[in-house]
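Student: turn this into a structure:
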Amino acid sequence: MAHLAKMDTVQEDARLAEESLGSVLMTLGGVILGMAAILGIYDFVDVREGTHLMLSMSGGLAVIGLVLMAVGEWKRSFIV
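Tutor: Take a look at the predicted model:
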C-alpha cells in the first residue's frame with residue numbers, strides 16, 4: 001500500500017487534467033442543452049408555419065449537448 005501513497009506527480013497531473021477537461025465538457029454540454037431548451041420554445045411556431053428548421057436545430061443542439069455531457073462524465077470518472 002505504500003506505493004499508492006507515493007503517486008507519481010506526472011500521473012497526478014494527468015488525472016487532474018482529465019478531471020478538469022471532463023468538467024469543462026460537462027459545463028459546455030449543459031450550456032448547449034440550455035440553448036436547445038430555449039430554442040425549443042419556438043418549435044411549435046416553426047412547425048405550424050410548415051418549416052422544421054428550428055425543430056431540427058434544437059434537436060441537433062440537444063443531441064450535441066447530451067453527447068458532450070456524457071463524454072465529460074466519462075472523462076471525469078476516468079482513472080489513470
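Student: ok, residue 59 - contacts?
Tutor: Residue 59 makes contact with residue 36 under the criterion CB atoms under 8 Å, 6 or more residues apart in numbering. C-beta here means a position set from N, CA and C on the backbone, and glycine is covered the same way.
Student: and it, its phi and psi?
Tutor: Backbone torsions of residue 59, given as degrees, to the nearest 10, read phi -70, psi -40.
Student: any idea how far residue 44 is from it?
Tutor: To residue 44, residue 59 is 14 Å away according to CB to CB, to the nearest Å.
Student: do the same with residue 17
Tutor: Distance, residue 17 to residue 44, by CB to CB: 43 Å.
Student: following the lowest-mean-pLDDT helix or strand in the chain, which helix or strand shows up next?
Tutor: Within the chain, confidence by mean pLDDT, DSSP states H and E is lowest for helix 2-5 among all helices and strands, at a mean of 54. Next helix or strand after helix 2-5 toward the C-terminus (DSSP states H and E): helix 9-39.
Student: for that next one, the averaged confidence score.
Tutor: Per-residue pLDDT over helix 9-39 has a mean of 90.
Student: what helices or strands is it leaning on?
Tutor: Judged by 3 or more CB pairs under 8 Å, 6 or more residues apart in numbering; DSSP states H and E, the packing partners of helix 9-39 are helix 53-77.
Student: may I see the buried residues of the helix it packs on?
Tutor: Using 16 or more other CB atoms under 10 Å as the test for burial, helix 53-77 gives 54-55, 57-58, 61-62, 64-65, 68-69, 72, 75.
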